[in-house]
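Chemist: Test case, fold it:
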Amino acid sequence: MEKMILGIDIGTTSLKAAVFNQQGEQLAAAVVEYTLLTPGPQLVEAPCGVYMESVARCMDMIRAKGAVDTKCVQVVSFSVQGETLCLLDGAGEPLCNAIVWMDNRAGAEAECLRERFGDELCYEVTGQVSFEACWPAAKLLWVKNHRPELFAKLGHVLLLEDYVIYQLTGRFVSECSLLTSTEYWDIRTRAYWPEMLAYLGIPEAWLPQVMEPGEPVGTILPEMAERLGVAQSALICTGCLDQAAGAIGVGNIRPGIFSENIGAALAICVPTERLTYDPQRNMPAHYFGRPGTYMMHTFTTGGMCLRWFRDNFCQNELLLQEASGLDAYELMDREAARVPPGSDGLLALPHLQGSMAPDVNLNAKAVFYGAALRHRREHFIRSIMESLGYIIRRNMEAIDSMGLEIQEIRTLGGGAKSDVWNQIKADITGKTIHITRSSQDTACLGAAILGGVAAGMFKDMESACGEMVKIQKSFVPNMENHRIYQVQYEKFKRLFAALEDLYAYDAQNSV
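Modeler: Numbering: from 1, shown residues only. Prediction:
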């Protein structure tokens, strides 16, 4: 009987389950979407039950396809969005909807935490550069301040992965990569932060046992095995943060590799053997999905900018997509390929929603600079692609200044589909770009790798990645193009710096 691993990626608006064999081949997969609730300003929630319901629906869809016998699944692991909170009573029942990571209700509470502890101490203890409304510590303080009747009934404070594992096994456990951004967990000691818990009024007994990513939790509960259609002997293990899982899914598990994921956002991940801080306090430090290691990880506006341009300025491509089935992005790729490197001097800043690390400026706006009569729509398409390449290079420079050497880049997500974009990124950075076989399903594959190691199918993560991750294509930098991009990249940095005063003025005088 072939051994199978189930990797589950619990995203913000959808959940994907994929079954892999030990060679990393995806045997079956299914996706279920769900709708977030926005009951008021800054509020983003989801019913806690929607996540397990979505797991069950995915498994029903996989069985209906008939490609695999789900009873052969031997281990289940997870890739999960960070920061989403599930608050339970003493009996393990949800007290309210899950508070989703993008919920920003706790702005005043984040300021209270900043006044009490200071952002510098926050960075030292948690690895996160500042207290913000999106992090769980601030949200717990909001519940305490605004929902005291709910707070009084609290018995368990869980992250989303913790809640799903509790439903599958009956155990309350959490793991370090998700705990990193709670701001009530100490990245130095790998334990809860006592002073923060005391300030929040959260007894440690309300919090789950801390485990490592990819660690066995126990066999699935019989009733859940029946519900999901897997064997009662199936092992449930901890997973890791979705961005860490994606990095593992492309084999980015050791220092020297830089992975980037262009989806709606651009996320970067660089593993490191030691806890490393940014002297400028712009680059957050996270615990990685490989036990005992860390990662520099941040994100900013990514493919969202190209999608915005597609939806507003590429109506012909969208109409052709509807009529012929040709992908609008592929048509945009063809147009961008006709433009020379550097877009004939057109330069884009893609900051539709502010700029994140290492150049943090929440007031930043998108800009096209250098437009002239010679520029056509394809120049704007390519300049957007190039701008994301410049941000990748800027992150690489920040990482390098911290003493972390980068030798190669592995790319994943929607941006990995574009050969044109991959070559642009290689030429801008001067580094070879590698695309893996499962570049579109890396989070599920990363979770499966963790599960395979936890179940003893592989000796360690290196051997698991050696078996399950395969490089499919590589893009070697054209150094002549790299010299052209060097000039544009310097202009990119200077343009951003020159606009900072205007961004601040605009924020104070917006109409």
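Chemist: And the host helix or strand of residue 384, what's buried?
Modeler: Assigned by DSSP states H and E, residue 384 belongs to helix 377-401. Across helix 377-401, burial judged by 16 or more other Cβ atoms under 10 Å covers 377-396, 398-399. (C-beta placed from N, C-alpha, C; glycine too.)
Chemist: show me the contacts for residue 447.
Modeler: For residue 447, the contact set (Cβ atoms under 8 Å, 6 or more residues apart in numbering) comprises 7-9, 77-79, 239-240, 245, 249.
Chemist: most surrounded residue in those residues?
Modeler: residue 239 (35 neighbours; other Cβ atoms under 10 Å).
Chemist: out of the contacts of residue 447, which are inside helices?
Modeler: Secondary structure from DSSP state H places 245, 249 of those in helices.
Chemist: Any chance of TSV for the contacts of residue 447, columns pLDDT and distance to residue 136?
Modeler: TSV is the format used below for these (pLDDT from 0 to 100; distance: Cβ to Cβ, whole Å):
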residue	pLDDT	distance to residue 136
7	98	25
8	98	21
9	97	21
77	98	22
78	98	18
79	97	19
239	98	18
240	98	17
245	96	20
249	96	25
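Chemist: could the contacts of residue 447 go into TSV alongside distance to residue 469?
Modeler: Formatted as TSV, the contacts of residue 447 follow (distance: Cβ to Cβ, whole Å):
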residue	distance to residue 469
7	13
8	19
9	16
77	15
78	18
79	15
239	17
240	16
245	12
249	7
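Chemist: what about the stretch 51-200 of the chain, any weak spots by pLDDT?
Modeler: The model of the stretch 51-200 of the chain has no residue with pLDDT under 70.
Chemist: all strands in it, in order from the N-terminus.
Modeler: With strands called from DSSP state E, counting those that start in this stretch, the stretch 51-200 of the chain shows them at 73-80, 85-89, 98-99, 154-159, 173-175, 185-186, 191-192.
Chemist: Remind me what the third one packs against, helices and strands.
Modeler: Secondary structure elements in contact with strand 98-99, counted by 3 or more Cβ pairs under 8 Å, 6 or more residues apart in numbering; DSSP states H and E, are strand 45-46, strand 85-89.
Chemist: a markdown table please, covering the ones you listed and showing distance to residue 440 and mean neighbour count.
Modeler: A markdown table is the format used below for these (distance: least, Cβ to Cβ, whole Å; neighbours: other Cβ atoms under 10 Å):
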| stretch | distance to residue 440 | mean neighbour count |
| --- | --- | --- |
| strand 45-46 | 24 | 20 |
| strand 85-89 | 29 | 21 |
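Chemist: Same list, these, but as CSV with distance to residue 193 please.
Modeler: Formatted as CSV, the helices and strands packed on strand 98-99 follow (distance: least, Cβ to Cβ, whole Å):
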stretch, distance to residue 193
strand 45-46, 26
strand 85-89, 16
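Chemist: got the CA positions of stretch 345-353 in CSV?
Modeler: Presented in CSV, the C-alpha positions along stretch 345-353 are these (Å, rounded to 0.1, in the frame of the first residue of the first chain):
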residue,chain,number,x,y,z
GLY,A,345,13.0,54.7,-18.5
LEU,A,346,9.5,54.3,-17.1
LEU,A,347,9.7,53.5,-13.4
ALA,A,348,6.9,52.3,-11.1
LEU,A,349,6.5,52.4,-7.3
PRO,A,350,3.8,49.7,-6.7
HIS,A,351,2.7,50.9,-3.2
LEU,A,352,-1.0,50.7,-3.5
GLN,A,353,-1.4,50.0,0.2
